[in-house]
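Undergrad: no FASTA, just this:
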C-alpha cells in the first residue's frame, strides 16, 4: 500500500513539472531570426560589440551549420608508411642515433683493451741524427754531466721491451677488457630502452587516434541533440536554457576534439623522432589484435628473471670487476719495473777531432734497466687507496641498482595488473553510461527531466568512452614496460 502511494506521488509530481514547463514555454519570447555567421568563428570582442549588454544570449543556427574543427596541419615528409609495432622496433634499431652512439662507444672501449695490451710487445723506433757543433762544445746547463757534442750524422734503431712490472700490465688489460664488456652491455641496454620508447610512442599514437575518433563521434552526437533542441525551441517546445546547455555541451565536445587532434599529431611527431626521422612522417599504424592475457601471478619470479637478464646489471657487474683489477694495478705501482733496451746503428759522417776519430762506423748495445720506486710523496699509496674506495663504491652501486630494478619490476607488475583490470571495468562503465544516456533522453523527451540531467549523462558517457578507448592501449604500454623491466624478448 505504501509503495503504491509513493508511485502515485511521483506520477503527480511529474505531471506538475510538465505543466509548469509548458506554461513557461508559452510565455517565452519568439526566437530571433537565425544568424548566418557561425558562433565558433566570431571573436569575443566582436560579440560584445554587436550584442546588447542587457539582452541575454539568444540561440542561433550555428548549432545546425557548424562543422568539425579542422586538425592542425603539421609539415610531413615522405610517403605514407604502413607500420606495425614490430616493424617500428626494427626501424628504430636501424635509424635511431642512440643505437649508433653506444655501438661506437662499445667499439672504442675495445680499442682501450688493445692500448693496454700493447705493453706486452716491444717498442721499436728509428732515429736520424745530424749535429753541427762547435769544436770542444759540452752541454753545460740543465744536466749534472757535461757530455761532449761532436759533429756527426748518424742513423739507428732502438728497441725497448718490458720484461715485468709484477702484474700491473696484466691488471690494466683485465680492467680494460671488463670495461669493454660493460660497454657492450650498455649498448644492449640502449637497444632495449629504444624498443620500449618505440612501444610507448606507438601505442600512445594509437590511443590518441582512438580518443580522436571518440571526440569526433561525441561532436556528431551532441550536434544532433543541439539541432533537435534548437528546432524545438523555435517551435516554442523548449526553453532558451535548454538551447544554452545543448550549445555549451557541443562547444565542450569541440574543445575535446581539438585537444585530441593536437595530441594525435604530437604522438606522431614523437614516434617519428624515436624512429630516427628528423621530420614528422606519415604513418598508418596497424594494431595487430592479440589476446590480452593477464600478467603472471609470481612477481618474485619476475624479479629473479630481471636479475638474470637485465644488461644494466651485467654492465655494472663488469664495472665492479674492472675497478677491482684497476685497484690491483694501482697497488702494483709500488713494485719495480724491469725492462730491456737495445740499440744499433751506423755513423756515415764522422769527422775527426784533433786527429782522433770519436765514432766507429757502426754502433750497438743492449742492456737491462730496473726502476725501483723508493719515495714520491706517498703518491702511489694514495692512488691505490683511491682505487680501492672507488671499487667499494662500484660494488655498492651494483647493490643499489638491483634494489631499484626490483622495485621497478614490482611497480610495473602492479601497473600491469591495474591496467588489465581497468579494461573490464571501463567496458562496464561504457555500458552503464550508454544506458543512462538512453534513459535520460527518453525522460527529457517526455518532459520528466531537465536538460541538466541529460547533459550530465552525456558528459558521463564521453568520459566512459574515453576511459575505454585508453584502457586497451594503456595495458599494452604496461605490458611493454614490464617486459623491459625483466628484459623479456
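TA: Cool, got the structure. Because the structure is predicted, anything quoted here is derived from the model rather than measured.

Undergrad: going forward, measure contacts and count neighbours with C-alpha atoms only.
TA: Noted.

Undergrad: and stretch 81-100, what's its mean pLDDT?
TA: Rounded to a whole number, the mean pLDDT of stretch 81-100 is 95.

Undergrad: Same question for whichever helix or strand residue 254 is part of: list its buried residues.
TA: Assignment of secondary structure by DSSP states H and E places residue 254 within helix 240-274. Using 16 or more other CA atoms under 10 Å as the test for burial, helix 240-274 gives 240-247, 249-254, 256-274.

Undergrad: So what's the gap between the helix or strand just after it and the chain middle?
TA: Remark: after helix 240-274, the chain's next helix or strand is strand 283-285, criterion DSSP H and E. Distance of strand 283-285 from its chain centroid, counting by CA atoms, centre = their mean, to the nearest Å, is 20 Å.

Undergrad: Quick one: list the elements packing against strand 283-285.
TA: Applying 3 or more CA pairs under 8 Å, 6 or more residues apart in numbering; DSSP states H and E, one finds that strand 283-285 makes contact with strand 81-83.

Undergrad: Just give the strands next to the strand it packs on in its sheet, each with its orientation.
TA: When pairing is defined by DSSP bridges, strand 81-83 lines up against strand 283-285 (parallel).

Undergrad: who touches the first helix or strand past the partner strand going along the chain?
TA: Remark: after strand 283-285, the chain's next helix or strand is helix 299-309, criterion DSSP H and E. By CA atoms under 8 Å, 6 or more residues apart in numbering, the residues outside helix 299-309 that reach it are 313, 402, 405-406, 409-410, 413, 485-488.

Undergrad: in helix 299-309, what counts as buried?
TA: So, applying 16+ other CA under 10 Å, buried residues of helix 299-309: 299, 302-303, 305-307.

Undergrad: pLDDT averaged over the helix or strand where residue 366 lies - what is it?
TA: Assigning secondary structure by DSSP H and E places residue 366 in strand 362-371. Mean per-residue pLDDT for strand 362-371: 95.

Undergrad: ok and the helix or strand just after that strand relative to helix 299-309, angle-wise?
TA: Using DSSP H and E, the helix or strand that follows strand 362-371 in sequence is helix 379-445. Angle between the axes of helix 379-445 and helix 299-309 is 140 degrees (criterion: axes from the mean of the first three to the mean of the last three CA atoms, to 10 degrees).

Undergrad: Just name the shakiest helix or strand of the chain by mean pLDDT.
TA: Least confident helix or strand of the chain, by mean pLDDT, DSSP states H and E, is helix 44-50 with a mean of 35.

Undergrad: Verify the stated contact: residue 257 with residue 215.
TA: Yes - using CA atoms under 8 Å, residue 257 is in contact with residue 215, at 4.8 Å.

Undergrad: Does residue 200 touch residue 479 like I think?
TA: No - counting by CA under 8 Å, residue 479 is not a contact partner of residue 200; they are 10.1 Å apart.

Undergrad: Find the residues that touch each one of those two.
TA: Counting by CA under 8 Å, 6+ apart, residue 200 and residue 479 have no contacts in common.

Undergrad: so what's residue 338 up against?
TA: Residue 338 makes contact with 162-165, 368-371 under the criterion CA under 8 Å, 6+ apart.

Undergrad: So it: helix, strand or coil?
TA: Three-state assignment for residue 338 (DSSP: H, G, I helix; E, B strand; the rest coil): strand.

Undergrad: again, but for the one 10 residues further on
TA: At residue 348 the chain is in strand, as set by three-state DSSP.

Undergrad: For it, give me its contacts.
TA: 153-154, 361.

Undergrad: Could you give me the PyMOL syntax to select whichever of the residues you listed are buried?
TA: Entered in PyMOL, the line below selects the buried ones among the contacts of residue 348, by 16+ other CA under 10 Å:
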select buried, resi 153+154
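
Undergrad: now, among the contacts of residue 348, which is nearest to residue 87?
TA: Residue 87 has its nearest neighbour among these in residue 154, at 66.8 Å by CA to CA.

Undergrad: In which helix or strand does the closest one reside?
TA: Using DSSP H and E, residue 154 falls within strand 152-164.

Undergrad: next structured bit after that strand?
TA: The element immediately downstream of strand 152-164 (helix or strand, assigned by DSSP H and E) is helix 168-234.

Undergrad: Can you tell me which helices and strands that next one packs against?
TA: Helices and strands touching helix 168-234, as assessed by 3+ CA pairs under 8 Å, 6+ apart, comprise helix 62-65, helix 85-95, helix 97-117, helix 240-274, helix 311-331, helix 451-486.
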